[in-house]
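**Student:** could you work out the structure for the sequence below:
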Amino acid sequence: MATSSPLDTLITLARDSRDNAGVELSGLRRAQQEAKAQLDTLLQYRHEYRQKLQNTMESGIGPASWSNYQQFLRSLDDAIARSRQALSEREAQLTQGQLRWQTEQRRLSAYDTLVDRRDTAERQRVGRREQRMADEMSAGMRFRRQAQQEHSGSSH
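**Tutor:** Numbering: from 1, shown residues only. Predicted structure coming up:
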């Protein structure tokens, strides 16, 4: 069908919206993965720093160094807490992005179903019209044959 219907316009808009949601979802996934990687890096760094503190404590540590280690660990723990919070926010955003994409995909699928129904109904209409034309042609041929036979039969 060459003409564009309102349904075709809705499908185009729904497809664009779904595609935009997909691009957004991709960005949200990337942000979530980056936040996870940052948290993992901080946790690994904290683990290594604690190991270093443990080794230093075994060989003896002064009060000033102990205080510096403790202060640094506290600031590292604060950074880890902020990183966990950021990861949690990114995961919530990712979940919302997934829901939006799914909603847009369902909308597009519903429109596609309507198009399929419209196309099926049109094919049925065309099929019935063609069948009617074939029936009329067949009846016309039968009528002409019959008329021809009657005409041939009455002239003999």
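**Student:** mean confidence score for whatever helix or strand residue 119 lives in?
**Tutor:** In the assignment (DSSP states H and E), residue 119 maps to helix 63-155. For helix 63-155, the mean per-residue pLDDT is 91.
**Student:** other SSEs contacting that helix?
**Tutor:** Counting by 3 or more CB pairs under 8 Å, 6 or more residues apart in numbering; DSSP states H and E, the packing neighbours recorded for helix 63-155 are helix 6-59. All C-beta atoms are positioned from the backbone trio N, CA, C, and that covers glycine.
**Student:** so the helix it packs on versus helix 63-155, what angle?
**Tutor:** 160 degrees (axes from the mean of the first three to the mean of the last three CA atoms, to 10 degrees).
**Student:** find the centremost residue of the chain, please.
**Tutor:** The centroid of the chain falls nearest to residue 101 when counting by CA atoms, centre = their mean (4.3 Å).
**Student:** give me the spatial nearest neighbour of that one, chain neighbours excluded.
**Tutor:** residue 21 (4.2 Å; CB to CB, 6 or more residues apart in numbering).
**Student:** now residue 108
**Tutor:** Once flanking residues are discounted, residue 108 sits nearest to residue 14: 4.3 Å by CB to CB, 6+ apart.
**Student:** contact partners for that neighbour?
**Tutor:** 104, 107, 108, 111 (CB atoms under 8 Å, 6 or more residues apart in numbering).
**Student:** and stretch 4-17, average pLDDT?
**Tutor:** 91.
**Student:** tell me how far that stretch is from the chain's mean position?
**Tutor:** 16 Å (CA atoms, centre = their mean, to the nearest Å).
**Student:** buried residues of that stretch, list them for me.
**Tutor:** In terms of neighbour count (16 or more other CB atoms under 10 Å), stretch 4-17 has its buried residues at 10, 11, 14, 15, 17.
**Student:** adding distance to residue 124, write those out as TSV.
**Tutor:** TSV is the format used below for the buried residues of stretch 4-17 (distance: CB to CB, whole Å):
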residue	distance to residue 124
10	23
11	21
14	26
15	27
17	31
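**Student:** of those residues, closest to residue 82?
**Tutor:** residue 17 (34.1 Å; CB to CB).
**Student:** excluding sequence neighbours, find me the nearest residue to that closest one.
**Tutor:** residue 104 (5.0 Å).
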